[in-house]
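Engineer: need a structure here:
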Amino acid sequence: MESLDVDVLIVGAGLSGIDMACRLTRALPDHTFAILEARDAIGGTWDLFRYPGVRSDSDMYTLSFPFRPWTPEAAISEGGAIRDYIRETATEFGIAERVRFDQRVVGASWSSITARWTVRVETSEGEVGHTCRFLHLATGYYDYDSGHVVDFPGQEAFSGAIVHPQFWPADLEVAGRRVVVIGSGATAVTIVPALAGAGAQVVMLQRSPSYLASRPGTDALARTAFRVLPDQVAHRVLRSKNIALTTASYMLMRRFPRGSRALLTKGVARLLPDGYAVGQHFAPSYDPWDQRLCLVPDGDFFEAISSGRAEVVTDTIDTFTPDGIRTASGRDLDADIVVTATGLRLVVAGKIALDVDGQVVDLHERFVYRGLMFSDVPNLAWVVGYTNNSWTLRADLAARWICRLLASMQRAGQTTVTPRHTVEEAGRPAVDLTSGYVQRAAGILPKQGAKRPWSVRQNYLIDRITMSGNRFDDGHLQLT
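Structural biologist: Numbers count the residues shown, from 1 in each chain. Okay, the predicted model is just below:
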């Protein structure tokens with residue numbers, strides 16, 4: 001199999017990878033690049049996840065690329081449409097032909113002598129090595145190989161099917177069957193109404209509640225904007241409006257948590273039958289945005305409950321039984337299918353083993369520069385989206401910043417850029433949420449510092465200002 005030697009090697013053909021490739025073609029047409037994809041298709045998360053109802057968890061005007069307008073009516077889109085949009089963008093920008101499939105990156109070694117990365121790749125035909133000047137890891141931050149799996153007591157006694165959403169069987173029939181969905185996060189909240197709509201009788205069994213907020217699945221302004229304005233202008237207007245509203249909402253909820261709790265629980269109560277136990281099932285013990293808020297388009301989750309096709313049970317599992325699950329309070333939940341929406345497994349840098357001049361890099365001990373580069377690791381970026389806004393907003397900021405950095409280095413005749421963190425501080429995880437999937441990964445996540453550019457902000461508007469411009473001599477980057 002042919003080895004590559006390019007200026008920029010992008011790992012991952014999802015939203016982040018395609019975004020970076022499109023930015024490169026426009027900003028640095030003289031730079032060579034390629035995309036390595038472990039799977040056999042473009043789309044990343046949106047090609048992997050096929051569970052019922054899979055959809056965006058933020059609006060499409062901010063999740064889509066700013067340079068290619070999202071024109072469908074749905075502001076909250078189902079996964080298949082997002083997958084098609086990513087693939088169509090790759091084709092339109094000539095990116096699809098740059099993707100090498102069946103290329104699982106397992107290691108990367110930096111040589112200061114050659115100022116290049118040697119990237120080790122496993123394929124179905126054997127191992128291959130590629131080299132590049134800059135390595136861009138658009139791998140996301142969770143494990144594609146396995147989700148978070150809980151070994152529940154008595155699980156082997158259950159006579160039905162146990163399914164994890166990340167690996168949903170295409171031929172699984174749910175109509176007329178009893179389904180218990182274990183979990184309370186975005187995946188569970190998405191799957192429950194989809195299964196109910198497909199004819200299943202569904203129970204969502206949650207150990208503790210999450211904050212839920214309903215919003216329209218379509219944007220009323222979009223219908224007018226796309227009718228009277230050019231697509232690109234309309235998209236920009238909608239994108240700007242949603243960025244401002246989401247940012248303001250997040251800041252207000254963090255500033256006034258008590259009032260926000262009341263507002264969210266009252267919003268849920270309005271969508272459920274009178275007397276429903278909202279305080280038991282939809283009033284978390286933590287403040288809003290300590291964990292990510294779950295989006296419910298058009299109130300479909302609450303409609304499924306109100307119709308009687310779905311039920312929420314807040315309890316813990318005592319044991320599985322042959323016919324379902326027995327809770328700690330002694331209630332038996334009969335089931336033909338159990339869906340373990342118990343969360344994702346976080347990984348850093350796609351589980352790629354890194355070393356610099358023969359020294360193994362422990363990313364847990366490294367600090368994150370501007371949320372995208374690791375201290376003392378040359379010519380490498382790792383893309384992680386916002387926790388309070390759409391993934392693409394930060395991915396695109398990162399892509400544009402890296403392109404300007406590479407252009408600046410080219411003009412100055414520089415070959416190497418290395419962030420240097422010199423402050424003595426303990427740091428905290430770069431992803432700063434109390435969600436279970438984040439807390440489980442605390443021992444592997446890189447760190448953020450107390451002050452910028454080593455702190456990871458969750459504010460797109462500020463990041464857009466601080467990550468603009470063409471000056472990179474901020475005292476934290478070593479350029480040679």
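Engineer: where in the protein is the helix or strand with the lowest mean pLDDT?
Structural biologist: helix 436-439 (a mean of 65; mean pLDDT, DSSP states H and E).
Engineer: after it, next one along is what?
Structural biologist: Downstream of helix 436-439, the first helix or strand assigned by DSSP states H and E is strand 447-448.
Engineer: helices or strands up against that next one?
Structural biologist: Helices and strands touching strand 447-448, by 3 or more C-beta pairs under 8 Å, 6 or more residues apart in numbering; DSSP states H and E, are strand 428-429. C-beta coordinates here come from the backbone N, C-alpha and C atoms, glycine included.
Engineer: average model confidence for the strand it packs on?
Structural biologist: Throughout strand 428-429, pLDDT has a mean value of 84.
Engineer: what number of residues are in the vicinity of the closest residue to residue 361 other than its chain neighbours?
Structural biologist: Leaving aside its sequence neighbours, residue 361 sits nearest to residue 354 (C-beta to C-beta, 6 or more residues apart in numbering; 4.1 Å). Residue 354 sits with 22 neighbouring residues when counted by other C-beta atoms under 10 Å.
Engineer: ok, now which ones touch residue 3?
Structural biologist: 128, 129, 130, 131 (C-beta atoms under 8 Å, 6 or more residues apart in numbering).
Engineer: scratch that, residue 288 is what I was asking about
Structural biologist: 211, 253, 254, 257, 260, 261, 264.
Engineer: one more pass at 6 Å, please.
Structural biologist: 211, 253, 260 (C-beta atoms under 6 Å, 6 or more residues apart in numbering).
Engineer: between the contacts of residue 3, which is closest to residue 235?
Structural biologist: residue 130 (35.4 Å; C-beta to C-beta).
Engineer: run through the stretch 351-480 of the chain and note the low-pLDDT ranges.
Structural biologist: Where the stretch 351-480 of the chain drops to pLDDT under 70, the residues are 433-439, 441-442.
Engineer: any chance you could map the helices in it?
Structural biologist: 391-412, 436-439, 460-466 (DSSP state H, counting those that start in this stretch).
Engineer: could you single out the most deeply buried of those?
Structural biologist: helix 391-412 (a mean of 21; mean count of other C-beta atoms under 10 Å).
Engineer: run through who's touching that helix.
Structural biologist: So helix 391-412 is contacted by 15-16, 19-20, 23, 27-28, 62-63, 372, 381, 383, 385-386, 460, 463, 467, 470, 472 (C-beta under 6 Å, 6+ apart).
Engineer: just stretch 307-327 next, same as before
Structural biologist: If you take C-beta under 6 Å, 6+ apart as the criterion, stretch 307-327 is touched by 152-155, 157-159, 180, 192, 196, 202-207, 280-281, 304, 328-329, 332-335.
Engineer: narrow the residues you listed to those in strands?
Structural biologist: Among the contacts of stretch 307-327, the ones falling in strands (DSSP state E) are 180, 202, 203, 204, 205, 206, 332, 333, 334.
Engineer: could you check how many residues crowd around the fourth one?
Structural biologist: It stands for residue 204. Residue 204, neighbours per other C-beta under 10 Å, totals 26.
Engineer: so for it, what's the pLDDT?
Structural biologist: Each residue has a pLDDT score; the one for residue 204 is 97.
Engineer: distance of the residue nearest to residue 361 relative to residue 74?
Structural biologist: For residue 354, the distance to residue 74 equals 39 Å [C-beta to C-beta, to the nearest Å].
Engineer: which of the ones in strands among the contacts of stretch 307-327 tops the neighbour count?
Structural biologist: So for the ones in strands among the contacts of stretch 307-327 (other C-beta under 10 Å), the most neighbours sit at residue 202, 28 neighbours.
Engineer: residues in contact with it?
Structural biologist: 179, 192, 195, 196, 310.
Engineer: what about 7 Å?
Structural biologist: 179, 181, 192, 195, 196, 309, 310 (C-beta atoms under 7 Å, 6 or more residues apart in numbering).
Engineer: one more: residue 64?
Structural biologist: 70, 85, 392.
Engineer: assign a three-state SS to the first one, would you?
Structural biologist: Three-state assignment for residue 70 (DSSP: H, G, I helix; E, B strand; the rest coil): coil.
Engineer: show the pLDDT at it.
Structural biologist: pLDDT for residue 70: 95.
Engineer: ok and the helix ranked longest in the chain relative to helix 391-412, angle-wise?
Structural biologist: Determined from DSSP state H, the single longest helix within the chain is helix 231-255. When axes from the mean of the first three to the mean of the last three C-alpha atoms, to 10 degrees is applied, the directions of helix 231-255 and helix 391-412 differ by 110 degrees.
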